[in-house]
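Novice: Return a 3D structure for these sequence lines:
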Amino acid sequence: MRYEVHRFSTERLADFFAVHSTANEAGWCFCAAWWVPTWEGWGARSAEDNRSVRDRLCEAGQYDGYLIYVDGRPAGWCQAGPRDRLRKLCNQYNLEPSPETWAITCLLIPPEHRRSGLASRLLDGVLADLRSMVVRRVEAFPRRGDGLEAGDLWTGPEEIYRRAGFDVAREDSRRPILALDLEGPGKPTGGDR
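Specialist: Reported below is the predicted structural model:
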């Protein structure tokens with residue numbers, strides 16, 4: 001199999017929607033969760049509501065993530081970008097402004113590709129690209145707990161971040177903040193950009 005990780009762009013918009021349409025429990029979000037002001041009413045939002053948010057973001061030039069391809073077909077998504085642009089995230093975690101910090105806020109792998117190492121390949125490709133852009137620091141926000149289901153892991157499983165070198169920046173029994181300093185030599189990655 002051939003794996004490639006590419007930045008989200010206008011040319012990859014159809015691939016973004018293709019990945020989300022096959023993602024079952026999380027596909028209706030269209031990675032709008034952190035862009036809406038609060039969680040109030042989130043469960044009542046429709047796929048059309050969230051797709052409208054995504055359409056407006058793209059019209060404004062906000063292509064905030066990466067797609068992974070398996071043998072040329074879109075197979076996964078990672079939302080990543082400057083952390084401070086997501087006011088809801090910063091408010092929820094009580095984060096001080098940090099313009100040099102980026103955030104990985106979603107890792108979406110459709111069911112047919114789960115438990116295959118694809119999320120780790122996607123994360124490796126994202127980190128390699130962030131290093132090439134001289135991003136200094138990246139944070140992740142996984143959930144912890146017993147009995148978590150696939151839909152609970154939309155911010156990415158903690159173990160893949162830990163394997164990629166992330167450390168705990170703020171401990172929390174349910175929602176830790178993990179961080180990786182990208183300055184200096186990076187680890188070898190498993191995915192192509």
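Novice: What residues of the strand of greatest length in the chain count as buried?
Specialist: Counting residues, the longest strand found in the chain (DSSP state E) is strand 73-82. Buried residues in strand 73-82, defined by neighbour count with 16 or more other Cβ atoms under 10 Å: 74-81. Using the backbone N, CA and C atoms, a C-beta is placed for each residue, glycine as well.
Novice: Give me the contacts around it.
Specialist: Under the contact criterion Cβ atoms under 8 Å, 6 or more residues apart in numbering, strand 73-82 has outside partners 12, 15-16, 18-20, 31, 34, 62, 64-69, 99, 101-110, 113, 118-119, 122-123, 126, 130, 138, 156.
Novice: Quick one: name whatever helix or strand follows it.
Specialist: Per DSSP states H and E, strand 73-82 leads on to helix 87-92 as the next helix or strand towards the C-terminus.
Novice: Could you give the average pLDDT over the following helix or strand past that next one?
Specialist: Downstream of helix 87-92, the next assigned helix or strand under DSSP H and E is strand 101-108. For strand 101-108, mean pLDDT rounds to 96.
Novice: How far off centre is whichever helix or strand comes after strand 101-108?
Specialist: Moving toward the C-terminus from strand 101-108, the next helix or strand (DSSP H and E) is helix 118-132. Here helix 118-132 is found 11 Å from its chain centre; the criterion is Cα atoms, centre = their mean, to the nearest Å.
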